[in-house]
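**Student:** Here's my sequence, what's the structure:
(2 chains)
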Number of protein chains: 2
Amino acid sequence: MSKYAWVTLATNDSYSLGALVVAHSLKRVHTEHQTAVLITPGVSESMKTKLRAVFNVVEEVNLLDSKDEANLALLKRPELGVTFTKLHCWRLTQFEKCVFLDADTLVLRNCDELFEREELSAAPDIGWPDCFNSGVYVYTPNMETFSSLVQYAVTHGSFDGGDQGLLNSYFSDWAHKDIQKHLPFIYNTSSVATYSYLPAFKQFGQNTKILHFIGVAKPWLQNFNSETRKVYVPSECQHLANFLQYWWDIFAEDVHSRLSPDMRTDQWVDKMIQQHEANIGHWEKAPSKVYEVQEREPFSFNTVDPTGYQLNNKLNPQDSAGDRSTSVKDSTETITVEEIKTVALTSQQQTSCPDLYEPAECQANVDGGKNGEGDGVGTFEQCT
Amino acid sequence: MSKYAWVTLATNDSYSLGALVVAHSLKRVHTEHQTAVLITPGVSESMKTKLRAVFNVVEEVNLLDSKDEANLALLKRPELGVTFTKLHCWRLTQFEKCVFLDADTLVLRNCDELFEREELSAAPDIGWPDCFNSGVYVYTPNMETFSSLVQYAVTHGSFDGGDQGLLNSYFSDWAHKDIQKHLPFIYNTSSVATYSYLPAFKQFGQNTKILHFIGVAKPWLQNFNSETRKVYVPSECQHLANFLQYWWDIFAEDVHSRLSPDMRTDQWVDKMIQQHEANIGHWEKAPSKVYEVQEREPFSFNTVDPTGYQLNNKLNPQDSAGDRSTSVKDSTETITVEEIKTVALTSQQQTSCPDLYEPAECQANVDGGKNGEGDGVGTFEQCT
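**Tutor:** As a prediction, the model looks like this:
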């Protein structure tokens, strides 16, 4: 087993879906290293089981109930709770080195070379580029570092109220000391970089290895067409079309298809967006642009495919289900992850096979089973 | 005389006003080094005289008329003209080292230490932070470098159509080779950084040494009240209020007051904004933000004065004219540099003493001279 690990964080079931997409995106690029996820009590037992099936390590962290020194300190500064949660990644001392990835990132290419970097390596934040963005960073698990970070947080707080402000203050020499700790921006390409400097995105964006969906253009807020298996991308996000499509490919093929019927509770379909709104650490409340470009050119990766296969021309080679897109010709329903909860609840009354990524094998049930025992989102797995 | 120089660029008379503000901002912080300005044929003879009175070196560059190899190459790529203009700074070989400053920058504190850096040192661009922003950079004048840059431009062009794209391609190792060539962001703080990451601006912005007015919040587009000598700052730009006030202080006290009557032609009052719109090099067509902050807090430097004196509480100590704000109590006229042209032309008919930064000594003329020989903007100097 590798002594290195990719680490992410899930504070509830819906956030866990993002974490699962991250994990599967790592598997698709054949990482040689392990994966770990930190979870809080908000994650259900059912979801924990799914997480354990994908991640090598599922580490439960429960800040306020435990009695150690760090948590006692935190009790005096409860507003730092969100920040503290991320700090727990330093406690994964079974690994020699780790790379932390936010759950709204997407790994496009193998980047195991990141483990050659030392703590704390990160890419610049486009808001204030002498700060690093804490969505992706290389670090060394160490209990002393954890304790020191906790002590620093309790003493100094965080200038932005989140983990990014805290980590930038603690690792304050990042900006000026060692260029090796400046990860190239392609390891944490902000999705809004297209607006902020489109010519640079066109010049360098094709090399992106990890995309970070900051801003409001979250993949799970886009509409997904179950017939064509294409994500509908608003005109202002066309440059992100292939990234969004890839996220949905992974979600539909690797994540959602493996969820079991007993997970059809409203616990795991809390709206992911609410989690992001509550996650104040990255100062990414809303979308935006640095400059407004003169010509808002739609940018496509059609000719330079960052995912390793041509999304628009063929199905994912890993898709063992074959081409199902012609089987349900009349279906034009679209859905987002945010709507899954509604679909699940509604389907408990309608009991129809849901139109989320409708498989051909299930079509008969849809046609004739309006009053049958179809059970919404859960039938997704049953149908495939 | 110092062997080092600050260098800027003015392509016409109105742009020269910005360059003069830059030069005076350098003098106010008592730089030990020389100042130089590159000018093109668009600058009038009158303005050249004024520039020569302030800058140590006024270097005329005239790309398309000369016959040297570089310009012959350019003739095949005329679209690179704007880009080439800036490259001429490498021809100032009378200096050992230089710092280039765009004409829409403002030096707030002495930063002569920049000359300790080597070519090419610059601060990251917030649009794509693996690129540097070419509004402020340390370089070494050298004819071979100039020729090489020209050759590179003709061969490769510029990925953003301007000097920034070209320089980033040419100095492509900036991002990853030497941290010493990463200038701290406070040496080229983008004015939109307040929007992009307000907590960081509040944490670090007070240390700003050079502010770069990118976006639409150009100082000369704000309204200036001639009675109170205060600039009116829109609510969305309140965090920039002291910076904008300082720019107008310098413009009114050091630049405009020294312009002579013979400069009252419409040549030198070309709209500065048009120049910026034509300056495609920095990809700053319009304003914007990276993220929209949850609470758009107005940020003020009232308690941390970056200019060395409290703008809101007292007059600039360097203002030898004393407090004239009570002399013209009824005047509430406001004006922008962009409006100077209109004022100048109108006043040729009205012949009233203009209300641009109205001095007390002139008030009698205003009251009784409506049909007299007052001559608009030019009387500014005559009145003081």
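
**Student:** can you give me the helices in chain A?
**Tutor:** For chain A, the helices defined by DSSP state H cover A:13-28, A:45-54, A:69-75, A:81-87, A:143-156, A:163-170, A:193-196, A:198-204, A:241-250, A:272-278, A:337-350, A:363-368, A:379-383.

**Student:** By mean pLDDT, show me the worst of these.
**Tutor:** Here the lowest mean pLDDT among the helices of chain A goes to helix A:379-383, at a mean of 26.

**Student:** May I ask which helix or strand of chain A has the lowest mean pLDDT?
**Tutor:** The least trusted helix or strand in chain A, going by mean pLDDT, DSSP states H and E, turns out to be helix A:379-383, with a mean of 26.

**Student:** tell me the contacts of A:Val58?
**Tutor:** A:36-37, A:39, A:48, A:51-52 (CB atoms under 8 Å, 6 or more residues apart in numbering or on different chains). No exception for glycine: its C-beta is placed from N, CA and C like everyone else's.

**Student:** swap the cut-off to 6 Å and go again
**Tutor:** Taking CB atoms under 6 Å, 6 or more residues apart in numbering or on different chains, we find A:Val58 in contact with A:37, A:51-52.

**Student:** Intersect these with the contacts of chain B.
**Tutor:** With CB under 6 Å from any CB of the partner chain as the criterion, the contacts of A:Val58 include none near chain B.

**Student:** Looking at these, spot the one nearest chain B.
**Tutor:** Minimum distance to chain B across the contacts of A:Val58 is 26.1 Å, recorded for A:Val37 (CB to the nearest CB).

**Student:** Quick check, that closest one in contact with A:Thr8.
**Tutor:** Yes: A:Val37 is within contact range of A:Thr8, at 5.3 Å (criterion: CB atoms under 6 Å).

**Student:** Any chance you could list residues touching both of the two?
**Tutor:** With CB under 6 Å, 6+ apart, A:Val37 and A:Thr8 have common neighbours A:Ala19.

**Student:** From A:Asn168, how far out is the residue in the stretch 1-150 of chain A that chain B sits nearest to?
**Tutor:** Nearest residue of the stretch 1-150 of chain A to chain B (CB to the nearest CB) works out as A:Gly127 at 2.6 Å. Applying CB to CB, to the nearest Å, the value for A:Gly127 to A:Asn168 is 11 Å.

**Student:** Number of residues surrounding the closest residue to A:Asn56 other than its chain neighbours?
**Tutor:** Spatially, and ignoring its direct neighbours in sequence, A:Asn56 is nearest to A:Gln34 (4.0 Å; CB to CB, 6 or more residues apart in numbering or on different chains). Using other CB atoms under 10 Å in any protein chain shown, A:Gln34 has 20 other residues around it.

**Student:** does A:Gln34 have beta-bridge partners, and which?
**Tutor:** A:Ala5 (DSSP bridges).

**Student:** Below-threshold pLDDT in chain A: ranges please.
**Tutor:** A:62-75, A:226, A:260-384 (pLDDT under 70).

**Student:** Break down the stretch 101-250 of chain A into its strands, ranges please.
**Tutor:** Assigned by DSSP state E, counting those that start in this stretch, the stretch 101-250 of chain A shows strands spanning A:105-107, A:121-124, A:132-139, A:189-190, A:210-212, A:223-225, A:230-232.

**Student:** Could you save those strands as a markdown table and add columns showing mean neighbour count and distance to chain B?
**Tutor:** Converted to a markdown table, those look like this (neighbours: other CB atoms under 10 Å in any protein chain shown; distance: least, CB to the nearest CB, whole Å):
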| stretch | mean neighbour count | distance to chain B |
| --- | --- | --- |
| strand A:105-107 | 25 | 17 |
| strand A:121-124 | 26 | 4 |
| strand A:132-139 | 25 | 9 |
| strand A:189-190 | 28 | 8 |
| strand A:210-212 | 25 | 12 |
| strand A:223-225 | 20 | 23 |
| strand A:230-232 | 20 | 23 |
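
**Student:** picking that back up, got a ChimeraX select line for the buried ones in the contacts of A:Val58?
**Tutor:** Selection of buried members from those for ChimeraX, criterion 16 or more other CB atoms under 10 Å in any protein chain shown:
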select /A:37,51
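
**Student:** more neighbours, A:Gly127 and A:Asn168?
**Tutor:** Applying other CB under 10 Å to A:Gly127 and A:Asn168 shows that A:Gly127 carries more neighbours, namely 33 against 26.
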